[in-house]
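Participant: Here's a sequence, model it:
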Amino acid sequence: MASSSISQAPILHSIAATHLKPRSNPTTSSPWRRRTFRLPVIRASTLCESSALLHAAKHTVDTYIENGMVVGLGTGQASAMAIQYLGQQLRSGALKDLVGIPMSVAIASEAAKAGIPLDQYATTSQIDFAFADADVMEEETLVAVIGRRILQEDESLIQEKLILNAARKLVFIMTEKQYKSDLEGSIPVLVQSLGWMEAAEAIEDLFLGDAEVWRRAAIGQAGPTGGDFPLITREGHNILDLIFTSPIQSLGEVARSLDKLGGVVDHGVISKYPLVFLLLFIFVSLRVRREE
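Facilitator: Numbering: from 1, shown residues only. Now for the predicted structure:
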């Protein structure tokens with residue numbers, strides 16, 4: 001019988017590309033051009049993935065957050081770990097004069113409990129740095145997907161994207177298996193609740209043969225119509241999950257196609273990074289040895 005074991009010796013290895021160095025001047029090269037990027041990488045061989053994510057979360061805070069920063073606080077397991085550690089650093093005096101901009105109500109609650117001073121996001125907010133979990137990222141383009149997780153009614157995918165795009169520096173924390181070409185899975189699409197079915201049909205026609213469209217449910221079984229209790233976001237929108245049944249050839253093309261459709265408010269593809277932003281990405285990988 002096959003079993004898996006994970007080496008207990010922790011390993012930290014960072015690779016910083018010349019155009020993606022921490023705390024350097026923003027790059028002016030376009031992130032949309034299809035080419036291979038070398039990224040800052042944390043490779044940790046640990047007892048479990050949770051420990052590896054904690055290692056990456058602490059590295060994010062220690063390496064990129066400085067006194068006096070305004071920090072966008074993201075959602076996800078690793079981001080929650082980074083928030084807890086950031087609170088510890090503030091309480092110990094290792095960091096000071098920080099302000100956090102939470103990306104959801106739940107994150108605001110966790111950050112407040114951790115002792116992080118908070119402010120609300122506004123279009124005029126100047127955000128020095130932000131971190132978040134990404135669901136997947138396209139290997140050659142750095143285009144990412146967020147929002148696959150179960151969203152609560154008080155969460156806003158729109159606000160999360162606004163804060164990520166407003167940050168001068170950005171870190172996504174993810175496992176290495178989430179960074180690859182030929183991505184699979186779903187993309188969340190926000191649509192107007194009135195006429196959601198017409199939007200769903202238009203999306204399905206656009207990706208006919210490659211994807212299915214299901215309206216996300218607030219409770220109960222998932223299904224094409226969202227059941228009796230479809231999820232309504234705090235802005236009053238429905239979420240359609242565009243579920244690809246074949247590999248996604250280009251996230252950027254998918255995003256551009258969705259942007260052109262009537263009734264589509266937004267989606268979970270992060271691709272429009274302004275050229276003056278510095279993009280930083282951290283990965284966690286687990287060395288797993290297969291034994292017979």
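Participant: what about the chain, any weak spots by pLDDT?
Facilitator: The model of the chain has pLDDT under 70 over residues 1-49, 150-154, 221-222, 272-281, 284-292.
Participant: What segments of it are helices?
Facilitator: Listed in chain order, the helices of the chain (DSSP state H) span 49-64, 77-92, 105-113, 157-166, 196-206, 251-259.
Participant: between the ones you listed, which gets nearest to residue 270?
Facilitator: helix 157-166 (6.2 Å; Cβ to Cβ). All C-beta spots, glycine's among them, are computed from the backbone N, C-alpha and C.
Participant: Run a quick neighbour tally on residue 169.
Facilitator: Neighbour count of residue 169, defined by other Cβ atoms under 10 Å: 22.
Participant: Settle this for me: it is touching residue 128, isn't it.
Facilitator: Yes - look at residue 169 against residue 128 with Cβ atoms under 8 Å: they come within range, at 6.8 Å.
Participant: Could you dump the helices of the chain into JSON lines with distance to residue 174 added?
Facilitator: Converted to JSON lines, the helices of the chain look like this (distance: least, Cβ to Cβ, whole Å):
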{"stretch": "helix 49-64", "distance to residue 174": "9"}
{"stretch": "helix 77-92", "distance to residue 174": "8"}
{"stretch": "helix 105-113", "distance to residue 174": "17"}
{"stretch": "helix 157-166", "distance to residue 174": "14"}
{"stretch": "helix 196-206", "distance to residue 174": "26"}
{"stretch": "helix 251-259", "distance to residue 174": "15"}
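Participant: Can you say which of those is nearest to residue 146?
Facilitator: Nearest to residue 146 among these is helix 157-166 (6.5 Å), distances taken as Cβ to Cβ.
Participant: Surely residue 105 is in contact with residue 155?
Facilitator: Yes - counting by Cβ under 8 Å, residue 105 touches residue 155, with 6.9 Å between them.
Participant: more crowded one of the two?
Facilitator: More crowded of residue 105 and residue 155, by other Cβ under 10 Å: residue 155, with 21 against 15.
Participant: how about the more buried one, what does it touch?
Facilitator: Residue 155 sits next to 75, 104-106, 233-234 when contact means Cβ atoms under 8 Å, 6 or more residues apart in numbering.
Participant: quick check, nearest of the residues you listed to residue 137?
Facilitator: Distance to residue 137, by Cβ to Cβ, is smallest for residue 75 among the contacts of residue 155, at 15.9 Å.
Participant: The closest one contacts residue 133, correct?
Facilitator: Yes - taking Cβ under 8 Å as the definition, residue 75 is a contact partner of residue 133 at 6.5 Å.
Participant: so what's the closest residue to residue 225 other than its chain neighbours bridging to?
Facilitator: Closest residue in space to residue 225, ignoring its immediate chain neighbours: residue 215 at 5.6 Å, by Cβ to Cβ, 6 or more residues apart in numbering. Judged by DSSP bridges, the bridge partners of residue 215 are residue 240.
Participant: residues in contact with residue 215?
Facilitator: With contacts defined as Cβ under 8 Å, 6+ apart, the neighbours of residue 215 are 196, 200, 223-226, 230-231, 238-241.
Participant: among the residues you listed, which ones are buried?
Facilitator: Among these, those classed as buried by neighbour count (16 or more other Cβ atoms under 10 Å) are 196, 200, 226, 230-231, 238-241.
Participant: Which single one of those is nearest to residue 69?
Facilitator: For the buried ones among the contacts of residue 215, the nearest to residue 69 is residue 239 (31.8 Å; Cβ to Cβ).
Participant: The stretch 101-250 of the chain: strands as residue ranges?
Facilitator: 127-133, 136-138, 144-145, 167-175, 179-180, 183-192, 211-215, 237-248 (DSSP state E, counting those that start in this stretch).
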